[in-house]
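Chemist: Show me how the following folds:
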Amino acid sequence: MEGESIMEIVTNLVIQIGIIVFAVRVGGFLVTKIGIPSVLGELLAGIIIGPYALGGLAIPGFPNGLFPLYSESLAVSPELYAFSMVASIILLFASGIETDLGMFLKYSVTGGIVGIFGVIFSFAFGSIVGVILLKTSFFDPRCLFLGILSTATSVGITARILSDKKKMDTPEGVTTLAAAVFDDVLGIVLLAVVLGIVSILNSTEGGSINGKTILFIAGKSFGIWLGFTVLGLVFSKQIAKFLKIFKNSYDFSICSLGIAFLLAGFFEKQGLAMIIGAYVTGLSLSKTDIAAVIQERIHGLYEFFVPIFFCVMGMMVNIGEMMNKEILFFGLIYTIVAILAKVIGCGLPTLALGFNLKGALRIGVGMVPRGEVALIIAGIGITAGILNEQLFGVVIMMTLITTLLAAPLLNATLSIKGRGTRKESKASTSVSFSWDFKNDEIADLVVDILLKDLKAEGFYVQMMNIDEGISQARKNDIVLSIKEQENIVTIETSEADSAFIKTSIYEVVLKLIESLQSLSLDFDAIALKKQMADGKVRVDTSLIKTLNTKTVTTDLKGSTKEEIIKELVLLLTNSGMVHDWELVLQDVLNREKSMSTAMQHGIALPHAKSDGVTSVCIAIGIKKEGIDCDSLDQKPSKLFVLVVSPKKTSSPHIQFLSSFASFLNKDEIVNDIVDSKSSQVMIDKIKRFSKNV
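Modeler: The predicted structure follows:
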């Protein structure tokens, strides 16, 4: 606001970003609980805390509210809006780099045709609604923007629904997902063309312009986009080679984002949108060998910045104006037309591509949900003065309604019995295979290796929803839908390709086994265990302080390692710290099978992570005469320390193990503890020795 110092402006921005970070996380979390995409939760969070709602209320220290209304043309401060624009560049750069254009075009002809028709119908229908309701000409910038905003499709929403219904590998599923990606690409191209036309219209007095000039400007804008896209794809390997000069993967990933910012600025200077330059950069790098690394390295930035963008877009919604009867009527008509445009535009050409009416309806409905790109274009429109608050509200309404209706509409069409193609297709008899790899890390490795192998086989691999672990791979008429849920990997494909996928998984597992065998041959695990016992470590005494006489015994009865471990597990169970003792026992014994946890100096540290406990727990027992546990120094183990941690909760499991191994590294210390006459005496000695390290 006027009169504020630079530090006041920065301070307000920092506070606003902090509030937004929490608001979008809460909003996204709440809506995903009821099956709604998180982007809508982030958008609604912005509406609630924005200047037209709670953000405009005066509170101590903020007389104009935490998010005061900046001006009639820009609801939020320029600083916060600039922050959201940085987020939009990251979003479109990530979208571009996820699209392998060469492979995509090779295997998605049908999807391309459907996407093109969908964009044509949506743009025409959306613009015509503007012409009729605004009572103006087709080339009015507002009408052109309403046309563009009607074109985008949210591929993530559709993918999740198809995955839940096990329909991703059907002809309708493959065609819908391919067409949705084409929609985004063509929407970006169309935006470049329209922005070029709008810039000339705004520079011409009275806004009048002849057809030849419009065609020239449209051609120029399209030429800039196409030229940079072609150059980027042709010289993509050289660009990647340049980025690799920085060697460190984090460095070259950040520098690739720097290129996106530079090209975004150049496109903006040419009268086009920054997001177009960002998308072109991502698209150019998508076919390089560093694309996957860049995606992984910028994921943290994506998760931080992008929700902020959606929240800021929500803040710019004047909820009061949206409740106006005329705006509600406009929004309802625009939404209905936007839905029909996708259903008709995308469904109609499929009738000539081997689909029947059922298939055409499923594909058309699958293209209905709008999402990220529509919101970005709407933001460009309102800040450029093309859309006012009322039209911006209309667009937000359309985005919300189409996204909310997507699930029930698509579920209804998928529930209609019968195939969607005129002839029986290979995918009509689909099968599903699931593998339980016992833990999340192994499942992650299996999926990563599988996707790399499929790419090497010439498959086009598309990450549909990173957070939910959904991806699709296709080559010719082979389609694989891959879903990872914790330690379970599920793959759906046609029955004719079941042998292929079983062989692929077998090869992946074989690679992992060979790698582990190689590691066991070249890696001296015994030597490492000795180093752990002899090494220096900062002792974590937090768990030692929790020791009590219920979980400690000086008189273990068992005569074998297995019996003693069971005895210690039952100690924890009787103290109320274990809710499934059999599962805990099995997990500890399984860990013991991989390598004995008996150390030197008469101590053994059996341990495991298990779903049978909810927090870290410890039990200690003494077997004075000792038993053979295959220890490092071949001496009998006398002091047994059992540590069990929950699998899915962070805990200092390894830190605590290393602490015990470190301070119990001398015979005299272990012998002193073993000679304890009671449980309390043993606890006191352990606490004393741990403090003296």
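Chemist: remind me which residues of the stretch 301-450 of the chain are low pLDDT?
Modeler: For the stretch 301-450 of the chain, applying pLDDT under 70 flags the ranges 424-430.
Chemist: buried ones in the one helix or strand Met682 maps to?
Modeler: Using DSSP states H and E, Met682 maps to helix 679-691. If you call a residue buried by 16 or more other C-beta atoms under 10 Å, then helix 679-691 has these buried ones: Ser679, Met682, Ile683, Lys685, Ile686, Phe689, Ser690. The way it works is simple: take the backbone N, C-alpha and C, and place the C-beta from them, glycine included.
Chemist: Show me what it packs onto, helices and strands only.
Modeler: On a contact count with 3 or more C-beta pairs under 8 Å, 6 or more residues apart in numbering; DSSP states H and E, helix 679-691 meets strand 552-553, strand 617-627, helix 653-663, helix 667-674.
Chemist: Run the angle between it and strand 617-627 for me.
Modeler: 100 degrees (axes from the mean of the first three to the mean of the last three C-alpha atoms, to 10 degrees).
Chemist: Quick one: distance of helix 679-691 to the chain centre.
Modeler: Here helix 679-691 is found 47 Å from its chain centre; the criterion is C-alpha atoms, centre = their mean, to the nearest Å.
Chemist: And stretch 544-555, what's buried?
Modeler: Buried residues in stretch 544-555, counted by 16+ other C-beta under 10 Å: Ile544, Leu547, Thr551, Val552, Thr553, Thr554.
Chemist: Specify which member of the residues you listed is nearest to Ser432.
Modeler: Nearest to Ser432, judged by C-beta to C-beta, of the buried residues of stretch 544-555 is Thr551 at 44.8 Å.
Chemist: In three-state terms, label Gly27 for me.
Modeler: Look at Gly27: counting by DSSP: H, G, I helix; E, B strand; the rest coil, its state is helix.
Chemist: actually Phe640, not the one I wrote
Modeler: Applying three-state DSSP: Phe640 is strand.
Chemist: Ile17 versus that one, what's the distance?
Modeler: 51 Å (C-beta to C-beta, to the nearest Å).
Chemist: The two: which has the busier surroundings?
Modeler: Phe640 (27 against 15; other C-beta atoms under 10 Å).
Chemist: you'd agree that one is up against Ala604?
Modeler: Yes. Contact criterion C-beta atoms under 8 Å: Phe640 and Ala604 qualify, at 5.0 Å.
Chemist: who touches the closest residue to Gly602 other than its chain neighbours in this structure?
Modeler: Leaving aside its chain neighbours, Gly602 sits nearest to Lys638 (4.3 Å; criterion: C-beta to C-beta, 6 or more residues apart in numbering). For Lys638, the contacting residues are Gly602, Ile603, Ile622, Lys623, Lys624, Glu625, Gly626, Val670, Val674, by C-beta atoms under 8 Å, 6 or more residues apart in numbering.
Chemist: pLDDT wise, what is Lys638 at?
Modeler: Per-residue pLDDT puts Lys638 at 88.
Chemist: Quickly note the distance from it to Cys617.
Modeler: 22 Å.
Chemist: What's the separation between the residue nearest to Gly602 and Ile673?
Modeler: 9 Å.
Chemist: same thing with Gly277?
Modeler: Gly277 is 67 Å from Ile673, by C-beta to C-beta.
Chemist: still on that earlier bit, would you turn the contacts of Lys638 into CSV with neighbour count?
Modeler: Shown next, in CSV, are those (neighbours: other C-beta atoms under 10 Å):
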residue, neighbour count
Gly602, 24
Ile603, 25
Ile622, 21
Lys623, 24
Lys624, 12
Glu625, 8
Gly626, 16
Val670, 21
Val674, 18
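Chemist: Looking at those residues, which is nearest Ser498?
Modeler: Ile603 (50.9 Å).
Chemist: Run through the residues that contact the closest one.
Modeler: Taking C-beta under 8 Å, 6+ apart, one finds Ser637, Lys638, Leu639, Phe640, Val641, Phe660, Ala661, Leu664, Val670 in contact with Ile603.
Chemist: Mind picking the two most distant members of those?
Modeler: Maximum distance among the contacts of Ile603 (C-beta to C-beta): 15.3 Å, for Lys638 and Ala661.
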